[in-house]
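Enquirer: curious how this folds, go ahead:
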Amino acid sequence: VNALLAHCGDSLSGIGGAARPGIVHRIDKDTSGLLVVAKTDRAHAGLAAQFADHSIGRRYLAVVSGLPVPPVGRIETNLARSDQNRQKVAVVHPPKGKHAVTHYKLLEPLKKSSLVECRLETGRTHQVRVHMAHIGHPLVGDPVYGQGRLADVCKRLGFHRQALHAAQLKFQHPITKEILSFESPAPADIQQLLIALREV
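Expert: From the prediction side, this is the model:
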């Protein structure tokens, strides 16, 4: 928020209030990558509507433990806050929770791990992290759902976060109606992790 205010000054949507000026959606703490920020209330409302109807394209890169089988799949569950730990999100049976859908695709097999692409139909809290753990392939380095997989490699590299990067956002500009697509390459720490996992 402080960085946004320093960059944009007063030209941010007021819908989010003082705590979240212009911020249309969130990504998890320690997840890198793209965010959409609105400069006007009109843009904010239009972008929020696209997130609500799941029309925004979101592609994540994730390094997961193991090798997903099948290499392409769709994960569909309901998600809700865990009864045991309110900091965690859990898969629950309907009608509890909120509907969540993640499409994954294996991009590269690595040693004891894989680079996968995850495309979101919905945008629930911790969705990619919970869904990949649910099918037995938690994110490498994930302190909440990762179960300590490949901890030796992470420790050697000083990698202390979930290996998750918001790589692409695609949406319709809420005013001009132009289709916009933004991409962010994997940051240096994930690049180093991939190099290490290719060499293990």
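
Enquirer: how about the helices in the chain?
Expert: With helices called from DSSP state H, the chain shows them at 2-8, 41-52, 127-134, 151-157, 188-199.

Enquirer: deepest of the ones you listed, which one?
Expert: Most buried of the helices of the chain by mean neighbour count (mean count of other C-beta atoms under 10 Å) is helix 127-134; its value is a mean of 25. Quick note: C-beta positions are derived from backbone N, CA and C, even for glycine.

Enquirer: just checking, what packs against that helix?
Expert: Packing partners of helix 127-134 (3 or more C-beta pairs under 8 Å, 6 or more residues apart in numbering; DSSP states H and E): strand 57-65, strand 72-81, strand 89-92, strand 98-110, strand 113-120.

Enquirer: save the ones you listed as JSON lines, and put in mean neighbour count too.
Expert: Listed next are the helices and strands packed on helix 127-134 as JSON lines, based on neighbours: other C-beta atoms under 10 Å:
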{"stretch": "strand 57-65", "mean neighbour count": "24"}
{"stretch": "strand 72-81", "mean neighbour count": "16"}
{"stretch": "strand 89-92", "mean neighbour count": "19"}
{"stretch": "strand 98-110", "mean neighbour count": "18"}
{"stretch": "strand 113-120", "mean neighbour count": "21"}
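
Enquirer: and of the helices of the chain, who's closest to Leu35?
Expert: With distances scored as C-beta to C-beta, the stretch of the helices of the chain nearest to Leu35 is helix 2-8 (9.4 Å).

Enquirer: avg pLDDT for the closest one?
Expert: In this model, helix 2-8 carries a mean pLDDT of 85.

Enquirer: who's in contact with that helix?
Expert: 12, 21-23, 37, 39 (C-beta atoms under 8 Å, 6 or more residues apart in numbering).

Enquirer: thinking Ala38 is in contact with Arg20, fair?
Expert: No. Using C-beta atoms under 8 Å, Ala38 makes no contact with Arg20, being 10.7 Å away.

Enquirer: more neighbours: those two, which one.
Expert: Neighbours were counted for Ala38 and for Arg20 using other C-beta atoms under 10 Å; Ala38 has more, 22 against 15.

Enquirer: now that one: closest residue in space that isn't a chain neighbour?
Expert: Sequence neighbours aside, His44 is the residue nearest to Ala38 in space, at 3.6 Å (criterion: C-beta to C-beta, 6 or more residues apart in numbering).
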